[in-house]
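Participant: Return a 3D structure for these sequence lines:
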Amino acid sequence: MTAISKKDNSEFQFHWIWGIIFAIITIITVALRFSLPVRDGDIWWHMLYGKYFLENHTLIADHTIFSWTPATNDTIYCTWLPDIILYLIHNSFGLPGLFVFRYLCLFLFVLACFLYARKLHGVSHPLVWFIVLISILMAYTAVFIKPEIMSFVLMTLLVWNWWNIRLGGEKAHYYCYFFPLIMLIWVNSHGVFFFGYIFIITATIGEIANTWFSFGNVLSKKIRKHLWISVCISFVVVVCNPYGWHYPYKLFFDLMPTQENLNYNRKITAYAATFAYKISYHNFALFVNIAIGLILLLFGIRFKQKRIEWSSLLSIMVFTLIYSQALRVTYFLAPVICFPAIYMLLENNSFSLVIKEKRIKLWLPYIVMIITLFLSINVIYRAFTIAEDYVLAGDFSISGNNPVDEAEYIEKYFPKAHIGNSYNFGAYLLWRLWPANKVFFDSRHFPYKNWSDEYFASRSTKGLDLLLKKYPCDVWTFDHAELALSSYFRYSPKWKLAFYGRNGQVFIRKGLKLPERDHYRVSKNIFKLRSHFALLRIYLFALTINDWETAELISKKEINRFKNENKPHKVKLYRDLFAGIKAFSEKKFEVAVTRLGKYNTFVKGVGGYIVMSYLHLSQQSLNEDKRDIAFQYADMAAKLLPNTFYTQYNLGVTKLLLQNDDHLGKKSFELESYKNNFKNFLVLVNGNDALFAEEIDFAKGIIDDNIQMGKKKLNLLIPSLTTLTE
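Facilitator: Numbers count the residues shown, from 1 in each chain. Here you go, the predicted structure:
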């Protein structure tokens with residue numbers, strides 16, 4: 001295979017100024033789209049590992065020493081190289097160093113594409129830069145600052161190296177020996193290195209297919225000989241790691257689709273199927289569909305010319321399938337699809353030869369620029385306005401997913417305490433507090449495989465009771481999104497709120513003393529949040545604990561913002577939430593229903609107040625002997641939460657009382673379903689027999705017709721908010 005000559009390309013060259021324009025658009029888009037804070041907490045335990053390796057002169061970590069709960073060393077986790085690099089960068093340059101490192105990794109992809117396109121004399125081609133932009137946007141999951149970003153870099157180098165080999169030249173055979181070097185680095189960087197081997201295998205099989213079906217794309221015998229040697233060496237270096245052959249052996253079984261492995265993967269968002277649910281902040285489907293559309297067009301042209309290159313076809317097919325399987329592996333497709341697309345676009349002007357009209361060539365840069373600008377502006381706008389787990393672009397700090405304020409509070413006031421924490425908070429707590437404080441659980445997850453199901457299942461009062469009994473703690477901290485945990489600790493007689501801020505909440509055992517005036521503290525950093533969604537979550541928490549002062553400050557800030565943005569519905573939201581929850585606390589339940597009713601479906605946490613208000617109004621109506629109105633309120637509560645024991649019980653009681661009302665006897669035929677409500681109650685209340693023994697006996701008596709109502713007065717079952725907010 002020969003490189004493209006300038007003579008071949010001259011007729012279809014674009015002015016160099018187009019190359020500069022599109023390069024600038026690409027660079028600006030990448031720089032702004034990925035101007036994100038440190039979001040993923042994994043970076044913290046990776047850097048802690050890096051520190052551990054250097055201080056202990058080892059490359060093998062002891063996974064059990066960082067937490068006080070049971071942990072194992074069963075999993076081999078080999079990321080020592082990027083762990084050390086990331087730690088040294090942070091130790092020398094702090095957070096700015098990590099952000100610079102991320103941009104270097106991202107722009108290395110852009111640079112590799114530029115260098116490759118320059119070899120093909122196509123740097124000024126508008127579609128080259130469009131392909132590069134789409135590809136790097138497709139590689140979104142690689143931007144997290146952790147060892148995974150190194151996998152993106154190494155995959156880029158692997159594919160770039162392959163296409164440099166395909167371009168030929170006298171020294172092309174030397175490129176073959178970069179494969180073992182890249183794989184040696186990758187094996188010691190991250191467990192996804194096996195995707196590099198998948199690419200090498202598909203490229204090798206594709207080259208064999210070229211020798212059978214596409215002679216014009218076959219590498220020279222000299223290059224093929226060196227290629228086979230380098231591939232063999234690449235597979236040998238897999239054992240060149242601190243664990244030797246045990247690492248690939250163990251990894252192979254960890255990747256097998258066993259029930260245990262599938263159960264483990266289901267708990268981690270990174271393993272979720274790419275298109276399983278809509279992700280508003282990043283349109284994976286859009287970018288991959290555009291890329292596939294372009295590649296199909298280019299392959300169609302080559303198929304028509306009977307010049308299919310099989311290594312590119314096979315690798316793109318395999319990695320497109322991989323792209324769809326899990327969010328974690330989406331970034332591998334970017335280099336796999338980008339380099340062959342550039343090659344097919346420029347090689348012998350495959351695309352340009354189809355464009356016969358000079359007018360089309362004249363207008364092509366303008367058309368591509370309009371599409372590129374539209375895409376770029378849309379991507380940047382969404383990055384700065386649509387929160388991604390409460391994170392917006394334009395922020396070079398530590399995101400609210402990491403408990404910065406909470407860790408500082410615990411470090412200052414409760415050093416050496418037994419910490420309980422949510423999954424997402426553990427990594428930063430490790431970094432900030434270890435070894436003085438060990439954590440309960442963290443995003444490493446693999447050391448806790450033996451009992452992690454207990455944590456993920458503890459999303460009910462009963463589950464948390466059992467978990468805390470088994471793993472007693474002094475302090476618990478978690479993020480505001482953990483509604484079940486927040487509800488449990490807020491209403492538990494054994495715990496009290498100590499601190500809350502922009503990241504989460506801290507609760508301590510009732511026996512411990514708070515630092516000042518026996519009152520919780522509020523972080524001032526909550527007012528620095530840019531994300532409306534994050535601030536709304538804190539606002540709701542402040543209202544829930546009746547911290548009217550903080551809630552009012554947040555409300556004023558957000559109302560002023562939304563007035564300036566001309567969003568009256570948002571202004572009304574904040575006013576209604578404040579008025580509604582305050583009315584509930586003052587037992588003005590009709591006002592609470594009026595102000596909160598419209599937000600039940602899209603503001604998490606509000607539904608409990610609405611249901612409780614209906615139940616209280618139903619009880620008030622019963623007290624006033626207004627049984628028909630009591631039934632209506634109980635029915636409205638049951639429609640909101642139909643599958644709960646208390647709404648079924650209350651619906652049964654109000655139906656029963658209404659049926660026994662002498663003045664409304666005509667409705668008895670319509671209300672005979674009350675027995676079904678009591679049957680539902682008995683099924684749903686199962687497991688809480690001791691707490692609701694009186695109600696259970698009454699329900700059974702009604703079902704069996706063993707109770708004579710007479711003038712018996714009944715009270716409704718109105719649980720605490722803790723039950724409703726779970």
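Participant: where in this protein is pLDDT low?
Facilitator: 1-12, 265, 267, 277-281, 348-360, 459-462, 660-672, 687-689, 708-712, 720-726 (pLDDT under 70).
Participant: Find the centremost residue of it, please.
Facilitator: Here the mean C-alpha position of the chain is nearest to the C-alpha of T269 (Cα atoms, centre = their mean), at a distance of 5.5 Å.
Participant: Touching, that residue and L327? I think so.
Facilitator: Yes - applying Cβ atoms under 8 Å, one finds T269 in contact with L327, separated by 6.9 Å. Backbone N, C-alpha and C define where each C-beta goes, glycine included.
Participant: Could you give the number of residues near S220?
Facilitator: 12 (other Cβ atoms under 10 Å).
Participant: Ramachandran angles for the residue lying closest to it once chain neighbours are set aside?
Facilitator: Using Cβ to Cβ, 6 or more residues apart in numbering and skipping the chain neighbours, the partner closest in space to S220 is G168 (7.2 Å). With angles defined as degrees, to the nearest 10, G168 sits at phi 80, psi -160.
Participant: wait, isn't G168 in contact with V218?
Facilitator: No - in this structure G168 lies outside contact range of V218 using Cβ under 8 Å: 10.8 Å.
Participant: With neighbour numbers in mind, choose between those two.
Facilitator: Taking other Cβ under 10 Å, G168 and V218 do not tie; V218 has more neighbours (19 against 15).
Participant: top helix in the chain by residue count?
Facilitator: Assignment by DSSP state H gives helix 80-119 as the longest helix of the chain.
Participant: Relative to M155, how far out is I198?
Facilitator: Using Cβ to Cβ, to the nearest Å, I198 is found at 10 Å from M155.
Participant: More neighbours: those two, which one.
Facilitator: Legend: neighbour count by other Cβ under 10 Å for I198 and M155, higher for M155 (27 against 15).
Participant: contacting residues for that one?
Facilitator: Residues counted as contacts of M155 (Cβ atoms under 8 Å, 6 or more residues apart in numbering) are 195-196, 199, 331-332, 335-336.
Participant: how about JSON lines for those, with distance to A407, secondary structure and neighbour count added?
Facilitator: Listed next are these as JSON lines, based on distance: Cβ to Cβ, whole Å; DSSP: H, G, I helix; E, B strand; the rest coil; neighbours: other Cβ atoms under 10 Å:
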{"residue": "F195", "distance to A407": "35", "secondary structure": "helix", "neighbour count": "22"}
{"residue": "G196", "distance to A407": "36", "secondary structure": "helix", "neighbour count": "24"}
{"residue": "F199", "distance to A407": "40", "secondary structure": "helix", "neighbour count": "22"}
{"residue": "Y331", "distance to A407": "30", "secondary structure": "helix", "neighbour count": "27"}
{"residue": "F332", "distance to A407": "34", "secondary structure": "helix", "neighbour count": "29"}
{"residue": "P335", "distance to A407": "37", "secondary structure": "helix", "neighbour count": "29"}
{"residue": "V336", "distance to A407": "40", "secondary structure": "helix", "neighbour count": "29"}
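Participant: closest to G244 among those residues?
Facilitator: Nearest to G244 among the contacts of M155: G196, at 19.0 Å, using Cβ to Cβ.
Participant: close enough to count as contact, that closest one and L154?
Facilitator: Yes - contact criterion Cβ under 8 Å: G196 and L154 qualify, at 6.7 Å.
Participant: Find residues that contact each of these two.
Facilitator: 182, 186.
Participant: so F507 sits in a strand?
Facilitator: Yes - looking at F507 with DSSP: H, G, I helix; E, B strand; the rest coil, it is inside a strand.
Participant: Would you quantify the distance from I145 to F152?
Facilitator: For I145 relative to F152 (Cβ to Cβ), the value is 12 Å.
Participant: What of I201?
Facilitator: Look at I201 and F152: by Cβ to Cβ, they are 20 Å apart.
Participant: ditto for R561
Facilitator: Counting by Cβ to Cβ - R561 and F152 are separated by 36 Å.
Participant: So for the two, which sits in the more crowded spot?
Facilitator: Counting neighbours by other Cβ under 10 Å for R561 and for F152 shows that F152 has the greater number, 25 against 16.
Participant: What residues of stretch 318-337 count as buried?
Facilitator: Residues of stretch 318-337 classed as buried by neighbour count (16 or more other Cβ atoms under 10 Å): 318-320, 322-324, 326-337.
Participant: now that stretch, how far from the centre of its chain.
Facilitator: Centroid separation between stretch 318-337 and its chain, computed with Cα atoms, centre = their mean, to the nearest Å, is 17 Å.
Participant: what about it, how long is it end to end?
Facilitator: For stretch 318-337, the first-to-last residue distance is 11 Å (Cα to Cα, to the nearest Å).
Participant: show me where the chain has strands.
Facilitator: Here the chain has its strands, by DSSP state E, at 419-421, 475-479, 495-500, 504-509, 521-522.
Participant: mind listing the helices for the stretch 401-550 of the chain?
Facilitator: 404-413, 426-433, 452-457, 461-470, 483-491, 532-544, 548-564 (DSSP state H, counting those that start in this stretch).
Participant: Give me the number of neighbouring residues for the nearest residue to E552 once chain neighbours are set aside.
Facilitator: With Cβ to Cβ, 6+ apart as the criterion, E552 has its nearest non-adjacent residue at 7.2 Å, and that residue is F578. Residues contacting F578 under the criterion other Cβ under 10 Å number 20.
Participant: List the contacts of F578.
Facilitator: By Cβ under 8 Å, 6+ apart, F578 lies in contact with 543, 551-552, 555.
Participant: Which of those has the largest number of neighbours?
Facilitator: L543 (25 neighbours).
Participant: ok, the nearest residue in space to that one that is not next to it in sequence - contacts?
Facilitator: Among residues not flanking L543 along the chain, I581 sits closest, at 4.3 Å (Cβ to Cβ, 6+ apart). Counting by Cβ under 8 Å, 6+ apart, I581 touches 543-544, 592, 596, 609.
Participant: thinking A387 is in contact with S531, fair?
Facilitator: Yes - taking contacts as Cβ under 8 Å, A387 lies within contact range of S531: 4.5 Å.
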